[in-house]
Structures are given as structure tokens and as C-alpha cells.
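**Q** This is the structure alone, sequence omitted:
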């Protein structure tokens, strides 16, 4: 069974640009969550999508957005990139339950903003 | 307020010995879940073990066990018979009631296994 797949694995952007990251969850999983990991702030929750609807949202500015498609694949977009957006972006998938089920993560997309 | 606290930034353990990684949490919810993840230098977060707040028995998964002490709000990870491949960052995380995919993570513990 394939795990969570994130693309691209590495990317370099410049300030002011935008970026789109993709996440394909484990087959059958309907929930996709996104996290940002930085050395200073650690792991922080961005948002969660379930059945194409945002179910939960962290405390990030509106430059960070996401969506989920009918096949449960998800994308997140960061517009007007800032140096502080350099981070490892991790995607996690789970079956569905709001209170149950493990979350399985992908390998992450490492974004560098110059 | 810090909701997940991992007080050990770094730890060393001898190969084949057992090691305990500490985690305390803070929540007012009665229903919650506790997770441990391993993150090698490659960056992937590897799921290790899960404990629900209503689970009466401590969770175990192979060499990993979770020492769940509800009254003390602690969820320590025990790794038995450490292996060199266990060297990595370890994160404790909590999901509060009805929060789905939203986990709150601790700052992590870097474990180094010595041959």
C-alpha cells in the first residue's frame, strides 16, 4: 500500500513569488492535514481538509491556502513568499474520524525562499 | 500555555539498552489522543504509536510502548533494545477532542544511539 506522497520534495523560490505543493494521501484516506516545520517554531498545524471542505484551520495568514479534490488529493498554496516561509511542509492523511485514527505523514516538501 | 512538553532536548543510549523519552501534556478535554512520531534526518515523520485517552491498556507496537499515566498527564515512550537506526528526533503529539487532523506537537527529543 503506497504511503503519503508529496511533491515536489525540494524547491527554491524568491521573495514575492508563489508556490503550490501537492499531497496524495494513502488510498482510502479522506482527511489531509498540512503542517509547517521550522527550527524556531517547530511543527505547526496549517489546515485540514476532509471531503473537499476545510475542517480545521491553524493560525496562519491568508497567504497560506489549500484545497482538496474529489480524489482526496490536496494542494496548498503560499502566495507572496517571505523569507520566513522557508520550512519543511508536511502533509498527513487519515481515514476520516475526528477523534480516531492515526495520522500518517509524507516525506515533506522542503521550501527555501531566497 | 505549552500543551505538550518534552523536557529532554537530547538523549544518548547505548545500543541494545532500553530508553524512555518523556512527554507531558495539558488538556481539559476528557477525550483525546496521544501520538509518538520519529523523524530521521531525511525529514519524514514516521508514526510509531497511538494511545487514546479511554484506552485502559498501554499501547505497544513491537519495540515501542507508551507508558500512559493519565492522572499525571504523561505519555512517555519506551524503546526497548535500542538499535543504531533508532537515532532520530522523536516527537510527542496530542489531538484534542474532535480536532481531526490537528495535532499539537512538542519540541522533540533528539535520540542518539551509541554502538
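**A** Okay, I see it. Small disclaimer: the values here were computed from a predicted structure and weren't measured.

**Q** contacts and neighbour counts: CA atoms only from here.
**A** Fine.

**Q** is it true that residue A:93 touches residue A:101?
**A** No - between residue A:93 and residue A:101 no contact is recorded; they are 9.8 Å apart, counting by C-alpha atoms under 8 Å.

**Q** Mind checking which of the two has more residues around it?
**A** Neighbour tally, residue A:93 and residue A:101, criterion other C-alpha atoms under 10 Å in any protein chain shown: the higher count belongs to residue A:93, 32 against 16.

**Q** For the helix or strand where that one lies, which helices and strands make contact with it?
**A** If you go by DSSP states H and E, residue A:93 is part of strand A:87-94. Counting contacts by 3 or more C-alpha pairs under 8 Å, 6 or more residues apart in numbering or on different chains; DSSP states H and E, strand A:87-94 is packed against strand A:31-38, strand A:104-105, strand A:109-113.

**Q** what sits up against stretch B:71-80?
**A** B:16-26, B:34, B:36, B:63-69 (C-alpha atoms under 8 Å, 6 or more residues apart in numbering or on different chains).

**Q** err, stretch B:92-100, not the other one
**A** Contacts of stretch B:92-100 (C-alpha under 8 Å, 6+ apart): A:48, A:56, A:96-100, B:4, B:6, B:23, B:25, B:27, B:29-37, B:101-106, B:108.

**Q** can you give me the end-to-end distance of it?
**A** 17 Å (C-alpha to C-alpha, to the nearest Å).

**Q** Go through it and flag the buried ones.
**A** B:92, B:93, B:94, B:95, B:96, B:97, B:99, B:100 (16 or more other C-alpha atoms under 10 Å in any protein chain shown).

**Q** Give me the distance between that stretch and the centre of its chain.
**A** On the basis of C-alpha atoms, centre = their mean, to the nearest Å, stretch B:92-100 sits 14 Å off its chain's mean C-alpha point.

**Q** Mind listing the residues bridging to the spatially most central residue of chain A?
**A** Nearest to the mean C-alpha position of chain A, counting by C-alpha atoms, centre = their mean, stands residue A:34 at 3.1 Å. Under DSSP bridges, the beta-bridge partners of residue A:34 are residue A:47, residue A:91.

**Q** How about the one 4 residues further on?
**A** Per DSSP bridges, residues listed as beta-bridge partners of residue A:38: residue A:42.

**Q** Can you tell me how far the closest residue to residue B:63 other than its chain neighbours is from chain A?
**A** Using C-alpha to C-alpha, 6 or more residues apart in numbering or on different chains and skipping the chain neighbours, the partner closest in space to residue B:63 is residue B:80 (5.2 Å). Going from residue B:80 to chain A by C-alpha to the nearest C-alpha, to the nearest Å gives 22 Å.

**Q** Next, count neighbours for residue B:80.
**A** 16.

**Q** Please list the residues outside stretch B:25-40 that contact it.
**A** A:99-100, B:2-5, B:45-54, B:73-75, B:77, B:87-97.
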